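# okay, sequence plus prediction incoming.
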Amino acid sequence: FFIGQLVHHKRFDYRGVIIDVDAEFEGTEEWYQQVALSRPPKNKPWYHVLVHNSNRQTYVAERHLEQDPGREAVIHPAIDSYFDHFENGVYRSSARKQ
């Protein structure tokens, strides 16, 4: 998966767009114990995802994601903070915004 890609969460059935990637889990052990109840591997990639039709951002283990089969834009209030435009089912930015 890559930044700007549309994804679908297999377990919780929501779609979103990836805004950042961690090569391995970078959260706290407390968060992992409380939130990551299925205990996904920490040594695999984790993704920061803006959730469609929400103001939420999630932190998701790779094993819970799949490519979103649709090509429709994600509606999220922070989308313009990360990307310049949406084309061919992928969000793009000429330069990463801070």
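The structure has been received and is ready for your questions.
# packing partners of the helix or strand hosting Tyr47?
Taking DSSP states H and E as the criterion, Tyr47 maps to strand 46-51. Using 3 or more C-beta pairs under 8 Å, 6 or more residues apart in numbering; DSSP states H and E, the elements in contact with strand 46-51 are strand 6-9, strand 15-22, strand 57-61. Using the backbone N, CA and C atoms, a C-beta is placed for each residue, glycine as well.
# hmm, who's touching the longest one?
The set of residues external to strand 15-22 that reach it, using C-beta atoms under 8 Å, 6 or more residues apart in numbering, is 1-9, 45-52, 57-58, 68, 70, 74, 76, 79, 82-83, 91.
# just the buried members of those residues?
1, 3-9, 45-52, 58, 68, 74, 76, 79, 82-83, 91 (16 or more other C-beta atoms under 10 Å).
# sorry, back to before: pairing partners for the strand holding Tyr47, with directions?
Strand 46-51 has its sheet partners listed here by DSSP bridges as strand 15-22 (antiparallel), strand 57-61 (antiparallel).
# what sits up against it?
The contact list for strand 46-51, computed with C-beta under 8 Å, 6+ apart, reads 1, 7, 9, 14-22, 24-27, 56-62, 65, 74, 76, 78-79, 82.
# swap in stretch 68-84?
4, 6-8, 15-17, 19, 50-55, 57, 86, 88-89, 91-94, 96-97.
# what secondary structure does the most far-flung residue of the chain relative to its centre sit in?
The outermost residue of the chain, judged against the average C-alpha position, is Glu30 (20.9 Å), by C-alpha atoms, centre = their mean. Following DSSP: H, G, I helix; E, B strand; the rest coil, we place Glu30 in the helix state.
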